[in-house]
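> Have a look at this fold, sequence not included:
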Ligand code: SIN
């Protein structure tokens with residue numbers, strides 16, 4: 001019997017864990033725009049939060065997550081994540097992920113906002129270990145095919161009695177310059193985040209918001225795009241991407257200091273250097289501005305040197321490679337864009353508002369993170385909702401009564417015609433310049449601290465730039481850099497427009513013109529219908 005086909009866009013933890021589940025009953029095609037390991041997952045340093053410690057309990061993890069989320073978490077979704085998380089972590093180990101152990105037990109780290117040690121990790125390179133194991137499990141699976149360097153440009157959408165139905169995607173083999181149509185009755189969008197929308201980010205260059213942009217263009221609902229998390233400790237000077245110094249160092253005792261040696265967080269928050277990320281990032285931003293200083297310092301002297309070498313080899317080697325004497329001087333750090341809490345709205349099973357389109361991972365808005373994500377909750381959210389999405393996909397493929405799905409199970413993965421118009425240059429100087437312009441504009445006007453004036457200016461400018469880019473798009477043909485810029489502009493505009501709608505300050509969204517939280521008017525998600 002022919003197996004139903006499933007298309008997965010993205011090769012991070014959300015896409016690969018879903019693929020491994022769906023391959024139990026389907027024939028799965030995973031596509032990724034660069035090489036297989038180019039994903040945000042691969043760059044994740046911290047780990048996965050799971051209430052596994054002897055003093056821990058899902059109820060405590062729930063309480064910490066709700067507190068960080070500042071009133072906007074969807075409680076039922078958080079309950080699902082903290083309840084099902086430990087089983088999913090166990091599954092990762094069965095797929096071959098080697099988490100750090102001490103005396104045979106999982107070694108649990110601590111990060112900001114957590115009241116207990118609950119971060120399951122592999123040194124400070126957890127994402128890399130997860131990606132390694134999942135890619136190797138996928139490579140062994142005969143019902144999964146992974147194609148690299150295939151850039152999905154847009155989703156294929158048809159009218160359906162319920163509204164719109166996704167029947168696959170159009171992709172660009174950008175190294176050969178050919179267009180490819182991928183048809184499947186079920187598509188999982190797992191294309192990751194959008195950190196590249198900002199000038200300074202810990203996200204790899206592939207994180208251009210492709211998934212959110214294409215889902216929005218396909219008519220999917222998106223929500224809470226104003227909640228962008230800035231990580232307080234990216235290595236200064238920032239590279240592209242910025243080198244992330246894990247929050248787990250502060251969990252082990254490292255302290256944030258100003259350049260004169262005084263404690264940055266003293267008198268600001270009872271949790272001190274381990275306060276939640278929004279609070280710490282804003283404090284650093286404020287002090288750097290007030291003192292006209294380029295960075296602050298992370299003092300690692302409270303952590304024994306042997307512990308530093310054993311638990312944080314990434315930070316130690318990264319600093320040494322750049323000539324930073326971290327034990328003598330501390331680590332120079334600044335905030336950088338890190339995580340998108342909003343995204344494509346999904347239900348409790350990972351289904352988007354477009355039939356046939358599921359979403360999981362950073363691209364999705366599940367309601368778990370609210371106005372501020374608790375550290376290390378994202379990989380957890382990804383595995384829990386990819387598991388649920390795989391269940392939903394299975395039920396859709398096997399409707400009650402056993403009838404066939406209405407969309408033909410066909411994946412056309414051979415080239416079938418050129419893209420419309422000539423193929424544009426892959427990364428012309430002009431495209432690079434326009435990308436930098438968008439990222440600078442976002443950093444200045446839609447960053448850690450916002451104003452009504454800056455947001456209005458950003459929305460106007462981005463709307464005009466998007467129109468210009470769409471026009472160029474139809475005239476010049478497609479290229480990898482052009483597709484990414486088009487998506488960056490779409491997502492940048494969604495972030496700025498959502499931020500302008502929220503006339504209060506809450507969690508990661510801080511507007512000096514509306515510095516207070518306003519529960520009467522804004523205790524709700526900011527939802528935008530797809531175009
Ligand atoms: C970190 O290690 O600081 C990053 C972890 C996360 O973003 O959840």
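Done, it's in. This one's a predicted model, so the numbers in the text were calculated from it and none came from an experiment.

> and the stretch 101-250 of the chain, which of its residues are near the ligand?
Contact residues, the stretch 101-250 of the chain versus the ligand (Cβ under 6 Å from any ligand atom): 246-248. Every residue, glycine included, has its C-beta placed from N, CA and C.

> when you check these against the helices, which ones overlap?
Among those, the subset assigned to helices under DSSP state H consists of residue 248.

> all helices for the stretch 351-500 of the chain, in order.
In the stretch 351-500 of the chain, the helices defined using DSSP state H, counting those that start in this stretch lie at 378-397, 429-445, 452-476, 480-501.

> May I see these arranged in TSV, with distance to residue 143, mean neighbour count and mean pLDDT as well?
Below are the helices of the stretch 351-500 of the chain laid out as TSV (distance: least, Cβ to Cβ, whole Å; neighbours: other Cβ atoms under 10 Å; pLDDT from 0 to 100):
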stretch	distance to residue 143	mean neighbour count	mean pLDDT
helix 378-397	13	24	96
helix 429-445	38	16	95
helix 452-476	36	16	92
helix 480-501	29	24	96
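
> Output these in a markdown table; the columns should cover distance to the ligand.
Supplementary listing: the helices of the stretch 351-500 of the chain in a markdown table, determined by distance: least, Cβ to the nearest ligand atom, whole Å:
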| stretch | distance to the ligand |
| --- | --- |
| helix 378-397 | 6 |
| helix 429-445 | 19 |
| helix 452-476 | 25 |
| helix 480-501 | 18 |
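
> Out of those helices, flag the one nearest residue 13.
Using Cβ to Cβ as the measure, helix 378-397 is the one of the helices of the stretch 351-500 of the chain that comes nearest residue 13, at 4.9 Å.

> what about the closest one, distance to the chain center?
Taking Cα atoms, centre = their mean, to the nearest Å, one finds the center of helix 378-397 at 16 Å from the center of the full chain.

> try stretch 61-75
In terms of Cα atoms, centre = their mean, the centre of stretch 61-75 is found 18 Å from the chain centre.

> Reformat the helices of the stretch 351-500 of the chain as TSV; add distance to residue 47.
Listed next are the helices of the stretch 351-500 of the chain as TSV, based on distance: least, Cβ to Cβ, whole Å:
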stretch	distance to residue 47
helix 378-397	7
helix 429-445	28
helix 452-476	34
helix 480-501	27
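
> For residue 258, find the nearest of these.
Across those (criterion: Cβ to Cβ), the nearest stretch is helix 429-445, sitting at 22.4 Å.

> From the contact counts, what lies against that closest one?
Other elements packing on helix 429-445 under the criterion 3 or more Cβ pairs under 8 Å, 6 or more residues apart in numbering; DSSP states H and E are helix 452-476, helix 480-501.

> For the ones you listed, give me JSON lines that also has distance to residue 385.
Putting these into JSON lines (distance: least, Cβ to Cβ, whole Å) gives the following:
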{"stretch": "helix 452-476", "distance to residue 385": "29"}
{"stretch": "helix 480-501", "distance to residue 385": "20"}
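
> closest to residue 238 out of these?
helix 480-501 (18.0 Å).

> residues contacting the residue of the stretch 401-531 of the chain found nearest the ligand?
Taking Cβ to the nearest ligand atom as the measure, the stretch 401-531 of the chain has residue 508 as its residue closest to the ligand, at 12.8 Å. Residue 508 makes contact with 226-230, 277-278, 341, 371-372 under the criterion Cβ atoms under 8 Å, 6 or more residues apart in numbering.
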